[in-house]
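Participant: can you look at this prediction? I've put the sequence above it.
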Amino acid sequence: MQPVKIRRPDDPSARHLRSRPDSPAHRDGPKNEIIVGHESNLPSFTDALLLHPGDDGKWLGILLDCAPMAVVVEDQHGRIRIWNPEAEKLFGWRAAEVVGHALPFGPDADRIGAERRLQRVLDGERIEQAELECVRSDASRFSAEVRAIPLTDRDGRVFAVLSIYVDSTPRKRAERHMILQGVVTRSLAESDSAGDAVIRVIQAFCGLSDWICGMHWVADPGEGTLRCQEWWHTPGDSALERFGAVAQAARIGSQETTALARKVFARAMPVWAADLEQEASVLAAAVRDAGLRTALAFPVCVDGETLGAIELYSRNPRQPDQDLLRVAGQLGALIGQHIARRETERRLQFVVSHDPLTSLPNRTIFGQRLGQALAQAARYDHKVAVLFIDLDRFKVVNDTMGHEAGDRLLREVADRLRDSLREGDTVGRHGGDEFVVLIEQYESAMQVAGVAQKIIDQAGEPYFFDGHEFHISASIGIATYPNDGQDADALLKHADIAMYRAKEAGKNQYQFYSPHMNRLSLERLDLEASLRHALERGELLLVYQPMFDMDGRDVVGMEALLRWRRAEDNIVAPADFMPLAEETGLAVHIGEWVLRTACAQARMWQDRGAKPVRVAVNVSPRHFAHGNLVGCVEDVLRATRLQPGTLQLEITEATIMQSAERAVRALRMLKEQGVRVAVDDFGTGFSSLAHLQRFPLDAVKVDRSFIASIAQPGNGAAVARAVIAMAHSFGLRAVAEGVETEEQARFLRIQGCDEMQGFLFSQALSPEQAAEMLERDAPPAQAAGGE
């Protein structure tokens, strides 16, 4: 006999055995060494050995002892004859415990399957791969892939079966985790809300493993407790239904540190409870009653903050699965990002659809709801009423006590309006001190009159701010469908007319619209006639609002603001006549006059040696949509010899979005001329957020309503911050208008706003005052005054 060294490629250690010189161990390869291959070539070794009867067959046992996988040899009766060391590791039984006995399996079905598999191989079949459910000595189960071949004697008769077992549990677990990640990702993408997303995630976990219920805990900042916000369980299980009811009613206090959800919030990492009987919490009794044994809890987090905790429960005992803990942690972060994104979208949607000061629906959303109500009314023969509300004496309070008091008053009025309405009715802010109310499916005009009177009574109650008592009243106009109009515009118009009639009748009252209310219509006709002659009479004039850099020191531009001197002491702001100009088409002629006058003035300033700055001109919707704006700009620049880069056209977001494709073409042509373009009142619309990058712009102006509410409750500061960041991400300048306080200016500087304008820096200036400012090349002292 000679010593033989046997080793495996993946194991440098060797086993020293003895063999005869003429044994197969020496026929190939280096003397005194046998290299045992992997699973794929083990049968070839076996086949080779079986070709040699006698003592050579003994080498089979030697090789199997060194094999890197579990190898089991069973005889014709299913009794184990060879049980190598890897089999001992995989199954947990020592060879002495199983040799001579049948292979232990789990359920009877698996035992029957194993017997059938054995018989197939004994009949001469080779099984290349099969999946079995096996059991270890500690009663734990695992999945295994098995390959089996028949062992034959010299005469080709099968006398045993050699099987190779490989634990497939890690692979199958990894596959389940990959599927779980895919299902969760898809569920998040398809969910309609954050709550729906969490429910879908819990269902995904339960559907891919033996978890049978789950819940989502969130913090209640007001109470300092955790509450169950979402809950799901496998249907038809009454015990789980009771458990869920207890969970949804429970509150986990800060002192209950042993509760799973509280542990997750404290550690910000997944927690596995292998034995729930050892867990003490407010749910302990309910857990026992539901027969739950194991739980997994993991955090829902984003940017290091734990937003919630998801708990999953099982009735089966389960030892901690480190891979699942890792996957759960990753999915918790993914869910957190989804929830945070949905919350941001919800807040942004709310901000752009609601008034930032009062949080009431804005004019756009109110119009949509009114349109929907009218469609339903036409279909089902319902009645609809529109109330147009204007606050009496509000301007006195606003001018006397300042804008802050006026804003507080408007917020208080909004709260009282909400309390005055039925559930299902809508109140919105129309603008300034005007509100609108939508009443659906009322029975009689008396019912609507009762709502109007309740609003008047509530509005007339005293207001107390900073030790002062204020009194205002409300004038209300009412228009009804179908008597007073068939569409939203007609109803709002007639309700507005009725409101003015209420004011004329003494205020603090309501009036139903009547066709005889034509006095305001006559005044409107008079206003239109006067406006048509304003240009030829030279009654229109421009004042200029300086625009400053971030520090508020250097003037970088002048915005031309239109005024109408209708009488010697009556200066009319554009808000009071431009809507009429838009409707009548006069806006195009007025816009052309503003453009020529502003460009000519800028040329005059430059000729006087003043500092060259941009001059900004507002373009009305009618001028942009129906006038030859591009050609007009080209003609004006040529006539005034003004450099195109000196001119900045300011166009509102709503105007651009009315016809996006045509707007893109027009703006590109203006950019080709070298003219600058800024989008005005940005943030008051929503559709343009996705399309902003399509337009060739230079600057974005943050709407003054958001600037005014920076220091107020609500989302004004968040919107201003978002608009500035968005502008910079597109390579645009961010300009804030209506800056009135140092607090607002400081906030804007911190956010990196490029330019600012407003009362804080300068009032609107006459052309001569603007020239003096530019010649001094320094901002004047802070001045108050109207823009």
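Facilitator: Yep, it's here. Model, not experiment: these values are computed from the prediction. Numbering: from 1, shown residues only.
Participant: which stretches of the chain have low pLDDT?
Facilitator: Residue ranges of the chain with pLDDT under 70: 1-62, 64, 104-114, 191-192, 399-400, 518-521, 627, 658-659, 683-692, 777-787.
Participant: can you do 50?
Facilitator: 1-56, 108-109, 686-688, 778-787 (pLDDT under 50).
Participant: need the next SSE after the lengthiest helix in it, C-terminal direction.
Facilitator: In the chain, ranked by residue count with DSSP state H as the criterion, the top helix is helix 322-353. Downstream of helix 322-353, the first helix or strand assigned by DSSP states H and E is helix 363-380.
Participant: confirm residue 547 sits in a strand?
Facilitator: Yes: assignment of residue 547 by DSSP: H, G, I helix; E, B strand; the rest coil places it within a strand.
Participant: bridging residues for it?
Facilitator: Beta-bridge pairing for residue 547 (DSSP bridges): residue 557.
Participant: and the gap between it and residue 347?
Facilitator: Using Cβ to Cβ, to the nearest Å, one gets 30 Å for the distance from residue 547 to residue 347. C-betas here are computed from N, CA, C, even on glycine.
Participant: beyond the helix or strand that contains residue 199, next helix or strand please.
Facilitator: According to DSSP H and E, residue 199 maps onto helix 194-207. Downstream of helix 194-207, the next assigned helix or strand under DSSP H and E is strand 213-220.
Participant: name the strands paired with that following strand and say parallel or antiparallel.
Facilitator: So strand 213-220, judged by DSSP bridges, has these partners: strand 225-233 (antiparallel), strand 305-314 (antiparallel).
Participant: same list, those strands, but as TSV with distance to residue 299 and mean neighbour count please.
Facilitator: Formatted as TSV, the strands paired with strand 213-220 follow (distance: least, Cβ to Cβ, whole Å; neighbours: other Cβ atoms under 10 Å):
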stretch	distance to residue 299	mean neighbour count
strand 225-233	12	19
strand 305-314	5	22
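Participant: turn these into a markdown table, columns for distance to residue 722.
Facilitator: Below are these laid out as a markdown table (distance: least, Cβ to Cβ, whole Å):
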| stretch | distance to residue 722 |
| --- | --- |
| strand 225-233 | 27 |
| strand 305-314 | 19 |
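Participant: and the helix or strand hosting residue 144, how far out from the chain's middle?
Facilitator: Remark: residue 144 resides in strand 141-152, with elements defined by DSSP H and E. Computed by Cα atoms, centre = their mean, to the nearest Å, the chain-centroid distance of strand 141-152 equals 51 Å.
Participant: quick one: buried residues of the helix or strand following that strand?
Facilitator: On the C-terminal side of strand 141-152, the closest following helix or strand by DSSP H and E is strand 158-167. Buried positions in strand 158-167, judged by neighbour count with 16 or more other Cβ atoms under 10 Å: 158, 160, 161, 162, 163, 164, 165, 166, 167.
Participant: what of stretch 640-657?
Facilitator: 640, 642, 646-657.
Participant: check stretch 617-632 too.
Facilitator: Result for stretch 617-632 [16+ other Cβ under 10 Å]: buried residues 617-625, 627, 629-630, 632.
Participant: on that earlier part again, by how many degrees do the longest helix of the chain and strand 213-220 diverge?
Facilitator: On the basis of axes from the mean of the first three to the mean of the last three Cα atoms, to 10 degrees, helix 322-353 is oriented at 50 degrees to strand 213-220.
Participant: which one of the buried residues of strand 158-167 is nearest residue 439?
Facilitator: When the buried residues of strand 158-167 are ranked by distance to residue 439 (Cβ to Cβ), residue 167 comes first, at 70.7 Å.
Participant: for the residue nearest to residue 590 when sequence neighbours are not counted, which residues are in contact?
Facilitator: Nearest residue to residue 590 in three dimensions, chain neighbours excluded: residue 581, at 5.7 Å (Cβ to Cβ, 6 or more residues apart in numbering). Residue 581 is in contact with 531, 587, 590, 620, 622, counting by Cβ atoms under 8 Å, 6 or more residues apart in numbering.
Participant: between those, which sits nearest residue 675?
Facilitator: residue 620 (16.7 Å).
Participant: my guess is residue 721 meets residue 752, correct?
Facilitator: No: under the criterion of Cβ atoms under 8 Å, residue 721 makes no contact with residue 752, lying 9.6 Å away.
Participant: neighbour-wise, which of those two wins?
Facilitator: residue 721 (20 against 13; other Cβ atoms under 10 Å).
Participant: packing partners of the helix or strand encompassing the more buried one?
Facilitator: In the assignment (DSSP H and E), residue 721 maps to helix 716-729. Helix 716-729 sits against helix 322-353, strand 699-702, helix 704-708, strand 733-736, helix 742-750, with contacts defined as 3 or more Cβ pairs under 8 Å, 6 or more residues apart in numbering; DSSP states H and E.
Participant: right, I'll leave it there.
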